[in-house]
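> turn this into a structure:
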Amino acid sequence: MTARTGFTAEQVNAMRARDDNRCAWTGLESDRLIPQHRANRGAGGSRLANRLSNGVLLDSLINGAIEADADMQAEAVRRGVKVSRYADPTRVPVEHAVHGWVLLGDAGEVSALTVSEAHEIMHDLGIGVAA
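Have a look, this model is predicted:
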């Protein structure tokens, strides 16, 4: 699993601990949880993308739906689950089913935001968030 995603086993374990081994989208535990890059690694797979702020656990079925369905992809962007590969994931809020609206740090920290704060940041970044 870790070789395919690019995240190290240590990083995946840190994500599992940070998120109580639950899906960022649903908040549910599942044997199908996989680490998902919020910002794609790009062609050739930059190792710079392999940081905790850039990873969330997703059910593999949801991950597949995000990749295959434009509406799901748009919702993933709205939630901050998917971000531009040029974005700094430490600065893009994510609406996380376990934590609420947060900023994720590279040391595994989770910084809570109010809905208003998160929406303001997303607006400033030019990412559409429904009210």
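
> where's residue 116, which helix or strand?
According to DSSP states H and E, residue 116 maps onto helix 115-124.

> tell me which residues are up against that helix.
If you take CB atoms under 8 Å, 6 or more residues apart in numbering as the criterion, helix 115-124 is touched by 80, 91-93, 95, 101, 113, 128-129, 131. Where C-beta positions appear, they are placed from N, C-alpha and C, glycine not excepted.

> do that again at 10 Å, thanks
Residues outside helix 115-124 that contact it (CB atoms under 10 Å, 6 or more residues apart in numbering) are 77-80, 91-95, 100-103, 111-114, 127-131.

> and the next helix or strand past the helix or strand of the chain with the lowest mean pLDDT?
Within the chain, no helix or strand scores below helix 2-5, which has a mean of 47 by mean pLDDT, DSSP states H and E. Next helix or strand after helix 2-5 toward the C-terminus (DSSP H and E): helix 9-18.

> shaky segments in the protein?
Along the chain, segments meeting pLDDT under 70 span 1-5, 42-48, 129-131.

> stretch 10-25: end-to-end distance?
22 Å (CA to CA, to the nearest Å).

> what residues sit buried inside it?
The neighbour-count check on stretch 10-25 (16 or more other CB atoms under 10 Å) flags 11-12, 14-15, 18-19, 22-25 as buried.

> could you do stretch 120-131 as well?
Using 16+ other CB under 10 Å as the test for burial, stretch 120-131 gives 121-122, 125, 127, 129.

> nearest to residue 58 among those residues?
Nearest to residue 58 among these, counting by CB to CB, is residue 127 at 18.7 Å.

> was I right to think the closest one contacts residue 91?
No - with contact defined as CB atoms under 10 Å, residue 127 does not count as touching residue 91 (11.2 Å).

> got the contact list for residue 69?
By CB under 10 Å, 6+ apart, the contact set of residue 69 is 75-76.

> and it, how close does it get to residue 75?
Distance, residue 69 to residue 75, by CB to CB, to the nearest Å: 9 Å.

> ok, now residue 15?
Distance of residue 15 to residue 75, given as CB to CB: 21 Å.
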